[in-house]
Each structure stands twice: as C-alpha cells, then as structure tokens.
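J.: Got a predicted structure plus its sequence, pasted below:
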Amino acid sequence: MKPTFHHRLVNGPFEDPCLFIRIIREKRAFLFDMGSIDRLKPRDLQKITDVFVTHTHIDHFIGFDTLLRALLKRGLPLRVYGPSNIADCIEGKLKGYTWNLIREYPLKIEVLCVKEDKIIASSFCAENCFKRIDNSISDFSGILLRDPLLKIKAIQLDHQIPCLAFSLEEEFHINIDKVILKKRGLPVGPWLSELKKAIRENISEDTEFTVSGRVYKLEDLRKIAKITKGQKVSYVTDVSINDENIRKIVDLVHDSDKFYCEAYFMEEDRERALERFHLTAKMAGLIAREARVKNLIVMHFSPKYREYPDAPIKEAMVEFGRDDGRGDIKEEA
Ligand SMILES: [Zn+2]
Ligand SMILES: [Zn+2]
C-alpha cells in the first residue's frame, strides 16, 4: 500500500519536538508543533498550509519566525491552530517586528484558537501590517480540519496549562488493482488520480472518464479501486500524568499506524515528571499498548538522559510489549 502521508520528526529526541507531514501528490504539508524548524528545506516550508501547535512553550513555538519569514511572499494563506492563547502569542510575535514595507505582500495568517467547546478565529494580513482582526466564533466538535481526503482531530489536555494533542486520519485508502487494470487493457496515468478524487468526493456514478479515447462511467471503473482502512498518525506531547489525560489520549490515538509520544522523563524520575507536568517513557508505552497502536515513536527526552539515549526508548518499548527498542511492528506469536 502506497502511503498518503509521509511524516518525520524534524529534530532529534533531545531537540525541539516537531512533526513534518507531507501529503503525497499534493502541494501541501502540515506541522504538528513548531519548535526549531531550521532543518526544513525552503521547498518543504513553502508547502506548509496548516500548523497545529500543542501549546506555546518556547520549544514548541520558536519556529514561527522561521516559517513567517519563509512565507511572507506566499499567496496561499497559513492557518495556525492552537490552544486558547495562540492568537495572543502570534500577535505578540508579529508585534516584535516593524512592518512598514510589506503592504504589497499577499500573506494572510488565519489563527484558530481552541477554547473548550468553541473555536475563535482571528486573522493577520501583511497588507494591513499584520494588525489583528478578530473574526467568527464557531462550535468545536473535536475536528479541526476535514476535507474529502483526511481529518485532523484535537483534544484538550492538562500540562498545568491547556495543551492540545492531535491525530491525522485518512478517511479511507484507495488502492488501484493493477491486475484488473491490466486485464481490462487500461493504462496507468493521471486519470487514476482523477478517479480517486471522484471516489473520495462521492460524485455521481454517471460521471464520465475518457481513457485512451474511450469513455467510461465511474460506476464501471469502481472495480479497479480497492478501498481499505486509511492511514492514522497521532502526536501527543507535554502532558501531565493523570487519569483523565490518559483516558482521553488512549481514545484519540486508538489504532494509530504511528503514534509519536513524548517520553520526557523515565519512570525512575516519576516524581520529577509529576512536578514538571510531563509523561514518562513507561507511560508512553502503556498508552500505546492500551490504544493498540501499531508503531510507537518516543521523542522529546530530558537532556539528563543524553549519556544513555537508548534508555527512554527501551523503557517505552518494554511497556509497549515491543522490547526490540525500535518500535517496529512484530507479528503476534
Ligand atoms: Zn516541551
Ligand atoms: Zn511544555
């Protein structure tokens, strides 16, 4: 199965957490958190349309300036989702510079603050010297973004301050059956992307496709496309150890193909984890096991473990039940 999303951590486990997700065959990408993003190439930065910020501690938000600078001349807007103070934090950052020479720049930043059961929208336009405009307030049902291809869910957790966690789910996956394609003498080509799009958008079965000069109806071409479960990637970091948080996380990340989770402290430092409102590596493993995720990647380690960087991974994987320390899927015996 060819994946629809390519995802990777931008930095190492002792550096700022930040997940870059590229949507294959589309010119768009997402960021989960925005710590230092200096390692992303300019062409990667240009693709970023939506950024999902868990909270605005500096290690999760310092990359905003890098992204802003890269996108100043981009016509496509940038959307930033975050907890209730995200618009204030972005406004504060924008107020830190002088903007008298950018009125002809097209960039628009749309900010969506999640506050309990509401989403509060604000915007900042370069043509207006990034003056804040507060727009609508809408209901928040747990989904931040939804289109025919995917949805992004968010939950609100406690890190002494509100902190969001995210999951990205492909609605369903479409595989083209090459055997049937060949049997029917149909060529591989861009029309297959059109077919996939038509299926995702659930358009009329009478819709016609012209392939190699012949006309086919969608209804007739459906057998080429096999529908399977879509990809799911989830991201959780900077979370206090408490029953409510754990219950909400297990629910969000359930059945993920890949679960990125903080392992800031190890279980031997649980007291410190409680004081600093972080999870331990063992808790990351426990959540992954309870949520039946397929693959766990631990990240965001305290610098105190620099001397033995494999230890948090090992602790998480033993609890998860995958004690090879790599987080790979092992077949059940
Ligand atoms: Zn952090
Ligand atoms: Zn934090």
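T.: Alright, I've got the coordinates. Ligands and ions are numbered 1, 2, ... in the order given.

J.: So what does the nearest residue in space to residue 265 that is not next to it in sequence look like in phi/psi?
T.: Leaving aside its sequence neighbours, residue 265 sits nearest to residue 273 (CB to CB, 6 or more residues apart in numbering; 4.0 Å). Yep, even glycine has a C-beta here, placed from its N, CA and C like the rest. Phi and psi for residue 273, reported as degrees, to the nearest 10, are phi -60, psi -40.

J.: number of nearby residues for residue 273?
T.: 23 (other CB atoms under 10 Å).

J.: Same check on residue 253?
T.: The burial count for residue 253: 29, using other CB under 10 Å.

J.: Now the nearest residue to it once chain neighbours are set aside: phi and psi?
T.: Spatial nearest neighbour of residue 253, excluding adjacent residues (CB to CB, 6+ apart): residue 234 at 4.0 Å. For residue 234, the backbone dihedrals (degrees, to the nearest 10) come out as phi -130, psi 160.

J.: thinking again about what came up before, list the residues that contact the residue nearest to residue 265.
T.: 241, 264-265, 279-280 (CB atoms under 8 Å, 6 or more residues apart in numbering).

J.: ok, it to residue 21 distance?
T.: Note on residue 273: its distance to residue 21, by CB to CB, to the nearest Å, is 28 Å.

J.: swap in residue 213?
T.: 39 Å.

J.: which one of these two has more residues nearby?
T.: residue 21 (21 against 5).

J.: okay but that one is in contact with residue 233, surely?
T.: Yes. Using CB atoms under 8 Å, residue 21 is in contact with residue 233, at 6.8 Å.

J.: can you list residues touching both of these two?
T.: By CB under 8 Å, 6+ apart, the residues touching both residue 21 and residue 233 are 5, 7, 168.

J.: Inside strands: which ones of those?
T.: 5, 7, 168 (DSSP state E).

J.: Kindly indicate whether residue 314 is helix, strand or coil.
T.: helix (DSSP: H, G, I helix; E, B strand; the rest coil).

J.: Distance of it relative to ligand 2?
T.: Distance of residue 314 to ligand 2, given as CB to the ion, to the nearest Å: 24 Å.

J.: Before I go, just wanted to say thanks for your time.
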